[in-house]
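Trainee: Would you be able to build a 3D model of this:
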Amino acid sequence: MTSNGGSGGRWPMALDKSLSEIDLFDSSKERKAYENCADLYAIITATEHLERAFASDAITNTQYTTECNKLISQFKIAEKAALGNNKMTTETFMKIYQMDCPRAAERLLRMGVPEPMRSSNNSDNVAISVAETVQHFITAMDNVKLDRLDVDELQPLLSELMNALVQLPDTPNDWAPNHKVKKWLVQLNSMRAYERIDEDDGRQLYHDLDSAYLEFTQYLKTKR
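Mentor: From the prediction side, this is the model:
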């Protein structure tokens, strides 16, 4: 039997051992940077696949909403870890790595919430939706009041609030609370995870959330 390195061996000849190995990274810090970029790439790709699966009715509404919310929350964390304080945007990242993911870009960078799903008019479902909406309003407003104005803190809270609002039944498409929260989500999604809205914006955000909450309570009175 011939040896592996011989011309008649079972396995291909090894590369010239005189050639030096190519290292992808020189330190654990660089290795972590590659891993963070891989995580961001994976989340964007997964979101694209999820959006396509939902559009082709390959998954249920519940499965879509659950997974989409998870990916949106993971995205801001991954974006902050991968891109950090450098000037690269996620759009630039996607161009560099030739990512053809238009649906993911729309969902993660512009919308920031899953495709709206209405709850059924079942009284139990409505009660759950109302309770969750109240909780999300209070949590978001408390964080703004406590001056927690970092994008990676605010965005998930407003995303959860928006998702709760759109599930309320019998609300008009141009309902003011939805419009106000969506406006802020669009602004936050256009910013980097490490950025922070200023004090004036924080005051305006609290005002918009407070007025949206009042309109939400008016909605509840019509359901009694």
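
Trainee: mind listing the helices in this structure by residue range?
Mentor: In the chain, the helices defined using DSSP state H lie at 28-55, 61-83, 90-96, 102-105, 123-145, 151-166, 176-189, 199-222.

Trainee: Just the buried residues of the fourth one, please?
Mentor: So the one you mean is helix 102-105. Residues 104-105 are the ones in helix 102-105 that count as buried (16 or more other Cβ atoms under 10 Å). To be clear about C-beta, it is placed using only N, CA and C from the backbone, and glycine gets the same treatment.

Trainee: swap in the longest one?
Mentor: For helix 28-55, the buried set under the neighbour-count rule, 16+ other Cβ under 10 Å, comprises 36-37, 39-41, 43-44, 46-48, 50-51, 54.

Trainee: residues in contact with the residue nearest the centre of the chain?
Mentor: In the chain, the centroid-proximal residue (Cα atoms, centre = their mean) is Ile72; its distance is 1.8 Å. Listed by Cβ atoms under 8 Å, 6 or more residues apart in numbering, the contact set of Ile72 reads 47, 107-108, 112-114, 156, 159.

Trainee: per-residue confidence for it?
Mentor: Per-residue confidence at Ile72 stands at 88 (pLDDT).

Trainee: roughly how far apart are it and Ile44?
Mentor: As judged by Cβ to Cβ, to the nearest Å, Ile72 and Ile44 stand 11 Å apart.

Trainee: same thing with Met141?
Mentor: Here the distance between Met141 and Ile44 works out to 31 Å (Cβ to Cβ).

Trainee: Same question for Ser211.
Mentor: 35 Å.

Trainee: Check Cys68 too.
Mentor: Distance, Cys68 to Ile44, using Cβ to Cβ: 13 Å.

Trainee: Give me the contact list for stretch 170-177.
Mentor: By Cβ under 8 Å, 6+ apart, the list of residues contacting stretch 170-177 from outside reads 121, 165, 178, 211-213, 215-216, 219, 223.

Trainee: Repeat that for stretch 181-199.
Mentor: So stretch 181-199 is in contact with 76-77, 79-80, 83-85, 89, 108-113, 149-152, 154-155, 158-159, 161-162, 165, 205, 208-209, 212, going by Cβ under 8 Å, 6+ apart.

Trainee: Drop the exposed ones from those residues and show what's left.
Mentor: Among the contacts of stretch 181-199, those that count as buried by neighbour count (16+ other Cβ under 10 Å) are 76-77, 79-80, 83, 108-109, 111-113, 149-152, 154-155, 158-159, 161-162, 165, 205, 208-209, 212.
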